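Engineer: Below are the sequence and a predicted model for it; my questions follow.
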Protein chains: 2
Amino acid sequence: MEEINSIEVVPCTESNYLKPFRVVSVLIFNTTSHCFILVKQFRPAVYMCEWEKAKTKTPQAAEKTEEGEASESQEAQPASEEESSSQWPPASAGVTYELCAGLVDKPDLSLEEIARQEVLEECGYDVPASKLKRITSYRSGVGVTGAKQTMFYAEVSDDNCVSAGGGEPHEGEFIEVVKVPLHEAMTFAYDERIPKTMGVIFSFIWFHNNMSPKYKISTNV
Amino acid sequence: MEEINSIEVVPCTESNYLKPFRVVSVLIFNTTSHCFILVKQFRPAVYMCEWEKAKTKTPQAAEKTEEGEASESQEAQPASEEESSSQWPPASAGVTYELCAGLVDKPDLSLEEIARQEVLEECGYDVPASKLKRITSYRSGVGVTGAKQTMFYAEVSDDNCVSAGGGEPHEGEFIEVVKVPLHEAMTFAYDERIPKTMGVIFSFIWFHNNMSPKYKISTNV
């Protein structure tokens, strides 16, 4: 491993979206309703995956559910007959459940302050940065972006809710705020029909392992 | 969310590496030595992140360790004075610990069979596909690739070890096989100085939660 000594770095001129970056994500727990607050986003890259998959199947086969996978037609049906007769999956095929998260693009702010802004913009909760607890950090997308991702935990209450959230439409964000009740969290985490990121699965289990003395959580998984 | 109904898909002509894909990953546990088997890889994208970070700091500041982060110089020193006087981090700054993993690029093989091949090629253990237990699946790199990743668990023994592993050098893989003793696993998972993927952290904790009746694991974290 340490024999690698000839490294040439050349600029990637083809994309503005592959710049090295850092990311923060936040597991939000509402102590009033005992729910986790997630965001539901349409992800073009995920949609492309499903579109590629649909292309390789006949329309009939595409309707069948692969073992352990979500049915693309589970959440929403195509809007018209024209669409349903094509091999375009419904928009819901590109939707994933994720932790509230954002790019670290303000060098003068701490990670906690950036995480706090994301919680406010995306989910509508106004909590002080000092209430954010660091869970851990790791590398995401090691094959393409190599971003360092830092995960935080934030407890909020209904009193902290100041807006509906939803992200910044002018930045192209399509975000829906979703609540997952605490008692359904472990089932949600391991239900493969629900498209989600590893951050959601890990953080629910982290909560289960570390917060269960404080909050009761179902363990029947 | 379901109001998204105008989707235009245009080919990405700039890169061969951003095609939609599926990925398998495998948590390998050696029941003879009670160790997890990970791979240590040099990731150009991760190195780029560290290089960008180093550029924004003075050489002196770059040597300081940010709170909760690994020191880039911890594992390996630059090979020459010329290198150390530049702002190029050592090659070790681009290294991450990961689960054994690979792209699903053979449509006639099952996910288990592809996972089996990766365990053999990367880590040198020959185990039947039928011994692979599916843990869960999720979306990785939702912002860029949207890959669907399926995670498996494989128990191996020293008897299954048929080669040193190391991947396929002609495919540009630089892989070192690394053992993490069971009793150090939870400390390893949460030690932010050790660069790793979320898959490693999650799968160690999954093992802790689901295999602990069978194998004793330290819980002092």
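Structural biologist: Cool, got the structure.
Engineer: what are the ranges of the strands in chain A?
Structural biologist: For chain A, applying DSSP state E gives strands covering A:22-30, A:35-42, A:95-98, A:100-103, A:133-140, A:147-156, A:175-181.
Engineer: Ok, which of these comes nearest residue B:193?
Structural biologist: Nearest to residue B:193, of all these, is strand A:133-140, at 10.0 Å by Cβ to Cβ. Just so you know, the C-beta spots here come from the backbone N, C-alpha and C atoms, and that holds for glycine as well.
Engineer: what ranges of chain A fall below the confidence cut-off?
Structural biologist: For chain A, the stretches with pLDDT under 70 are A:1-20, A:57-86, A:172, A:216-221.
Engineer: for the residue nearest in space to the middle of chain A, what are its contacts?
Structural biologist: The centroid of chain A falls nearest to residue A:98 when counting by Cα atoms, centre = their mean (1.8 Å). By Cβ atoms under 8 Å, 6 or more residues apart in numbering or on different chains, the residues touching residue A:98 are A:25, A:38, A:39, A:40, A:41, A:196, A:197, A:199, A:200, B:142.
Engineer: Burial check on the fourth one, number of neighbours?
Structural biologist: So the one you mean is residue A:40. 18 (other Cβ atoms under 10 Å in any protein chain shown).
Engineer: so it sits right up against residue A:178, yeah?
Structural biologist: Yes. Using Cβ atoms under 8 Å, residue A:40 is in contact with residue A:178, at 4.9 Å.
Engineer: Now the common contact residues for these two.
Structural biologist: In contact with both residue A:40 and residue A:178: residue A:97, using Cβ under 8 Å, 6+ apart.
Engineer: pretty sure residue A:155 is touching residue A:34, no?
Structural biologist: No. Taking contacts as Cβ under 8 Å, residue A:155 lies outside contact range of residue A:34: 11.0 Å.
Engineer: thinking again about what came up before, which residues does the residue nearest to the centre of chain A bridge with?
Structural biologist: residue A:39 (DSSP bridges).
Engineer: Dump the contacts of residue A:98 into TSV; add distance to residue B:163 as well.
Structural biologist: Below are the contacts of residue A:98 laid out as TSV (distance: Cβ to Cβ, whole Å):
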residue	distance to residue B:163
A:25	38
A:38	43
A:39	44
A:40	45
A:41	43
A:196	36
A:197	34
A:199	35
A:200	37
B:142	35
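Engineer: Which members of these define the maximum pairwise distance?
Structural biologist: The farthest-apart pair in these, when distances are taken by Cβ to Cβ, is A:25 and A:40, at 14.7 Å.
Engineer: With chain B in mind, check whether the longest helix seen in chain A reaches it.
Structural biologist: Identified as the longest helix of chain A according to DSSP state H is helix A:198-211. Yes. Helix A:198-211 lies within reach of chain B by Cβ under 8 Å from any Cβ of the partner chain, at A:198, A:199, A:200, A:201, A:202, A:205, A:206, A:208, A:209.
Engineer: From residue B:198, how far out is the closest residue to residue A:44 other than its chain neighbours?
Structural biologist: The shortest distance from residue A:44 to any non-neighbouring residue, by Cβ to Cβ, 6 or more residues apart in numbering or on different chains, is to residue A:94 (6.5 Å). Counting by Cβ to Cβ, to the nearest Å, the gap from residue A:94 to residue B:198 is 22 Å.
Engineer: With residue A:32 instead?
Structural biologist: 29 Å.
Engineer: between those two, which one's more packed in?
Structural biologist: residue B:198 (24 against 11).
Engineer: Show me just the buried residues among the residues of helix A:198-211 next to chain B.
Structural biologist: Buried by 16 or more other Cβ atoms under 10 Å in any protein chain shown: A:198, A:199, A:200, A:201, A:202, A:205, A:206, A:208, out of those.
Engineer: picking that back up, relative to residue B:184, how far out is the residue nearest to the centre of chain A?
Structural biologist: From residue A:98 to residue B:184 the distance is 31 Å (Cβ to Cβ).
Engineer: what's the answer for residue A:23, then?
Structural biologist: 27 Å.
Engineer: Among these two, which residue is more densely surrounded?
Structural biologist: Ranked by neighbour count (other Cβ under 10 Å), residue A:23 and residue B:184 place residue A:23 first, with 22 against 16.
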